[in-house]
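Asks: what follows is a predicted protein model with its sequence.
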Amino acid sequence: MSDIIRLLPDSIANQIAAGEVVQRPASAVKELLENAIDAGSTKIRLIVKDAGKQLIQVIDNGVGMSATDARMSFERHATSKIRQSEDLFNIKTFGFRGEALASIAAVAQVEMKTRKNNEELGVCIKVEGSEVKSQEAIACEKGTSIAVKNLFYNVPARRNFLKSNPVELRHIMDEFQRVALAHPEIEFSFYQNDLETYTLRADNLAQRIIDLFGKGYREQLIHCKEDTDFVDIKGYIGKPEFAKKSRGEQFFFVNNRFIKSSYLNHAVMFAYDKLIGDDAFPFYVLFIEIDPKKIDINVHPTKTEIKFDDEKTVYAMVRAAVKKALATHNIAPSIDYELDINFNIPSEQRGMNFEEKETTSKNISYTPRQNNETKQAWETLYNGFENKENLEKLKRYEEMTVLTLGSKINSTEESSGLNKDMLYSDNTTTFQLHNKYIVTQIKSGMALIDQQAAHERILYEKYLSMLHNKFGASQQFLFPQSIELSPNDFTLLMEMEEEIKALGFVYNIFGKNTIVVNGIPADIPNANEKNLFESLIEQYKQNQSELKLDKKENLARSLAKRSAIRPGTKLTLTEMNSLIDQLFACKMPTYAPNGNLTLVLMSMDKIASMFHKTE
Ligand code: ADP
Ligand code: MG
């Protein structure tokens with residue numbers, strides 16, 4: 001029998017290797033950005049199109065490559081970063097395996113342009129599926145530009161496996177943010193589909209955080225720094241009062257490499273202890289410097305986990321550093337953003353004017369829809385209660401209201417069996433209890449309504465139907481308002497543009513991370529547009545992390561939650577009546593979208609029995 005074992009052709013071997021390094025557009029982004037940093041760049045631009053599926057390009061002003069090096073860089077195990085095995089224990093660069101470019105070029109169409117500073121001409125190399133298509137001398141800028149087109153064009157199974165654009169883009173943004181945080185001294189810009197998403201000037205870490213996450217972070221950062229013989233810890237943590245309900249920005253870097261560690265995260269959470277609620281997540285960006293010999297350095301390039309030789313000590317140090325920072329924050333100065341993170345602020349410069357967080361959430365007052373229809377509905381409300389069958393229904397309903405239903409509550413098409421015809425009382429008395437509840441007399445007894453929960457239910461159903469019918473009434477502003485959002489929120493907004501507009505928001509994009517709002521949904525009076533937008537997005541993110549709702553469901557819930565009347569809001573009789581009317585017109589009047597009860601009914605029988613009487 002003839003021999004059957006063969007060496008795999010390089011192109012196939014590379015494709016197999018690529019599977020490990022390049023899982024999605026974001027992995028290519030990470031590798032290219034890290035190469036640019038390793039090349040000593042001071043300015044790096046990232047361009048993506050179609051969430052990286054069509055194009056990922058990184059342009060840097062680093063050392064560039066000679067024509068031979070450029071050609072070599074696409075070979076597997078080709079690296080300039082390791083020469084001998086000892087180098088493995090002293091790695092200062094991000095890459096060292098020489099796999100990334102070979103892997104990327106195996107599964108994409110790659111065009112590299114590069115020029116060394118001291119050379120007059122650069123080189124342009126095109127590679128498709130590991131095959132060099134062309135190489136020519138060209139005039140180009142100093143540094144390197146690598147364009148990765150049509151990732152996985154030759155591996156359909158992988159290409160089809162990619163997630164939707166918003167999801168892939170989120171992964172790319174995550175990688176970009178991690179790299180940008182670890183290198184505030186480098187200027188970064190990020191363009192997606194020709195839209196400039198970030199421009200980050202070279203500055204200190206605090207400024208980088210603010211440029212990345214928004215101006216709101218200026219007032220919430222606490223400097224954290226702790227040097228010991230074993231590790232150095234530095235960075236910023238968020239003031240406890242700014243902790244969010246959604247897991248937001250939390251970053252650990254070990255020797256400037258982003259890592260994920262639930263163990264160290266626990267150390268931070270432990271330090272915050274009772275300063276924040278159990279369900280809140282503080283902000284942190286912490287850099288841990290440790291002797292490379294004390295960690296497992298040969299971690300896989302795409303993995304973000306890391307092994308410490310002495311995990312417990314690192315845990316204790318992180319916890320102590322955060323605790324100390326928190327303990328001093330009330331008497332410490334607000335951070336001087338012009339200073340670098342390493343700069344120790346002399347104590348005499350420390351101002352004592354610590355700014356308290358301003359409560360920004362503004363109550364949105366409720367104005368009912370007032371029209372003839374409402375009045376009529378109100379007049380017939382609670383009609384037909386004499387009917388015995390209806391009475392039975394009401395009894396059953398009363399029993400039901402004692403149960404708390406799970407989250408299926410909103411998807412149940414079946415109505416509660418309660419309708420306004422059942423409840424008619426022609427001599428209705430309605431009043432507000434402690435500005436929180438509405439008590440109303442009905443023929444069979446009384447109903448107690450939670451005004452906030454009820455309003456949330458009404459708005460939720462209304463918004464959901466707007467989202468499905470793509471029609472939302474909007475109130476136009478005389479003077480359009482411009483709002484600058486954080487890049488993250490801006491991107492999220494872009495992802496939901498269609499839905500947000502269906503709700504009645506009217507806005508245009510006005511440059512980088514800025515929108516101009518011309519109108520908001522018609523039934524949200526006197527709202528502060530900026531707060532409304534921001535709180536809507538915040539609520540959306542919170543729901544996203546806790547409940548994994550679909551986009552429409554989440555938006556309807558978020559906006560309903562944020563625009564419903566709060567407890568403590570005084571309502572007029574007309575408002576109360578209109579609220580009751582609208583509530584009973586709902587598909588599921590008895591529960592708020594989160595499953596809490598909106599109302600409790602009490603029959604005269606029940607009341608009598610409480611006094612040991614029979615009706
Ligand atoms: P590694 O980074 O592990 O060495 P890569 O495949 O990412 O492997 O890159 C291979 C080599 O190509 C690098 O070692 C480096 O010499 C060169 N290279 C890659 N990208 C750049 C760049 N942007 N600027 C200069 N040289 C680069
Ligand atoms: Mg590399």
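Replies: Cool, got the structure. Ligands and ions are numbered 1, 2, ... in the order given.
Asks: I'd say residue 187 and residue 37 touch.
Replies: No - contact criterion Cβ atoms under 8 Å: residue 187 and residue 37 do not qualify, at 12.0 Å. (C-beta placed from N, C-alpha, C; glycine too.)
Asks: okay, and the common contacts of those two?
Replies: residue 44 (Cβ atoms under 8 Å, 6 or more residues apart in numbering).
Asks: can you pull out the helices in the stretch 151-300 of the chain?
Replies: Counting by DSSP state H, counting those that start in this stretch, one finds helices in the stretch 151-300 of the chain at the ranges 156-161, 165-182, 205-213, 262-272.
Asks: what mean pLDDT does the last one have?
Replies: The predicted model gives helix 262-272 an average pLDDT of 91.
Asks: now that helix: buried residues?
Replies: 264, 265, 267, 268, 269, 271, 272 (16 or more other Cβ atoms under 10 Å).
Asks: and what of the first one?
Replies: The neighbour-count criterion (16+ other Cβ under 10 Å) identifies residue 158 as the buried residues of helix 156-161.
Asks: residues from the chain in reach of ligand 1?
Replies: 31, 35-36, 38-39, 60, 62-65, 73, 78-81, 95-102, 144 (Cβ under 6 Å from any ligand atom).
Asks: buried subset of those?
Replies: For the residues of the chain next to ligand 1, buried by 16+ other Cβ under 10 Å: 31, 35-36, 38-39, 60, 62-65, 73, 79-80, 95-102, 144.
Asks: from the stretch 451-600 of the chain, which residue is nearest to ligand 2?
Replies: Here the stretch 451-600 of the chain gets closest to ligand 2 at one residue, residue 487, 25.7 Å apart by Cβ to the ion.
Asks: enumerate every residue touching whatever residue of the stretch 451-600 of the chain ends up closest to ligand 1.
Replies: Of all residues in the stretch 451-600 of the chain, the one sitting closest to ligand 1 is residue 487 (24.1 Å; Cβ to the nearest ligand atom). By Cβ under 8 Å, 6+ apart, the residues touching residue 487 are 173, 197, 198, 212, 213, 214, 513.
Asks: please repeat the previous calculation with a cut-off of 10 Å.
Replies: 173, 176-177, 190, 196-200, 211-214, 512-513 (Cβ atoms under 10 Å, 6 or more residues apart in numbering).
Asks: and what of residue 314?
Replies: By Cβ under 10 Å, 6+ apart, the neighbours of residue 314 are 230-231, 233, 254, 261, 263-264, 267, 288, 290, 294-295, 306, 308.
Asks: scan those and report the most crowded one.
Replies: Within those, neighbour counts (other Cβ atoms under 10 Å) peak at residue 288, which reaches 26 neighbours.
Asks: now do the contacts for the residue nearest to that one when sequence neighbours are not counted.
Replies: In this structure, residue 288 finds its nearest non-sequential neighbour in residue 254, 4.9 Å apart by Cβ to Cβ, 6 or more residues apart in numbering. Residues in contact with residue 254 (Cβ under 10 Å, 6+ apart) are 231, 261, 264, 286-290, 292, 295, 299, 306, 308, 314.
Asks: now do the residue sitting nearest the centre point of the chain against residue 13, distance only.
Replies: What sits nearest the mean C-alpha location of the chain, by Cα atoms, centre = their mean, is residue 541, with 5.3 Å. Here the criterion is Cβ to Cβ, to the nearest Å. By it, residue 541 lies 42 Å from residue 13.
Asks: same check on residue 65?
Replies: Counting by Cβ to Cβ, the gap from residue 65 to residue 13 is 23 Å.
Asks: just residue 239 next, same as before
Replies: 52 Å.
Asks: domain parsing for this protein?
Replies: Domain segmentation of the chain under automatic domain parsing yields 10-202, 207-328, 398-615.
Asks: endpoints of the first one, how far apart?
Replies: Right, the one you point to is domain 10-202. 41 Å (Cα to Cα, to the nearest Å).
Asks: I'd like the domains of the chain as a markdown table, with distance to residue 3 appended.
Replies: Formatted as a markdown table, the domains of the chain follow (distance: least, Cβ to Cβ, whole Å):
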| stretch | distance to residue 3 |
| --- | --- |
| domain 10-202 | 19 |
| domain 207-328 | 34 |
| domain 398-615 | 54 |
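Asks: confidence-wise, which of those domains is weakest overall?
Replies: For the domains of the chain, where the average pLDDT is lowest is domain 398-615, sitting at a mean of 79.
Asks: and that one, how far out from the chain middle?
Replies: 23 Å (Cα atoms, centre = their mean, to the nearest Å).
Asks: picking up where we left off before, indicate which one of the helices of the stretch 151-300 of the chain is closest to ligand 2.
Replies: Of these, nearest to ligand 2 by Cβ to the ion is helix 165-182, at 12.4 Å.
Asks: tell me the contacts of the residue nearest to the centre of the chain?
Replies: 244, 245, 246, 247, 248, 488, 489, 492, 554, 558.
Asks: could you rerun that using 6 Å?
Replies: residue 246 (Cβ atoms under 6 Å, 6 or more residues apart in numbering).
Asks: and it, how far from residue 103?
Replies: In terms of Cβ to Cβ, residue 541 sits 33 Å off from residue 103.
Asks: tell me what the closest residue to residue 133 other than its chain neighbours is bridged to.
Replies: Nearest residue to residue 133, sequence neighbours excluded (Cβ to Cβ, 6+ apart): residue 126, at 4.3 Å. Residue 126 has these beta-bridge partners by DSSP bridges: residue 111, residue 134.
Asks: ok, residue 126 - how many residues close by?
Replies: Neighbours around residue 126, by other Cβ under 10 Å: 18.
Asks: just checking, next helix/strand downstream of the helix or strand where residue 57 lies?
Replies: In this assignment (DSSP states H and E), residue 57 forms part of strand 55-60. Next in sequence after strand 55-60, counting helices and strands by DSSP H and E, comes helix 67-72.
Asks: now do the buried residues in that following helix.
Replies: For helix 67-72, using 16+ other Cβ under 10 Å, the buried residues are 67, 70, 71.
Asks: could you identify the helix or strand that succeeds it?
Replies: Next along from helix 67-72, by DSSP H and E: helix 100-106.
Asks: now do that next one: which elements does it pack against?
Replies: helix 10-21 (3 or more Cβ pairs under 6 Å, 6 or more residues apart in numbering; DSSP states H and E).
Asks: name the residues that touch the helix it packs on?
Replies: By Cβ under 6 Å, 6+ apart, helix 10-21 touches 99, 100, 102, 103, 106, 107, 130.
Asks: same for whichever helix or strand comes after that helix, what does it pack against?
Replies: Sequence-wise, the next helix or strand downstream of helix 10-21 (DSSP H and E) is helix 25-38. If you count contacts as 3+ Cβ pairs under 6 Å, 6+ apart, helix 25-38 packs onto strand 55-60, helix 165-182.
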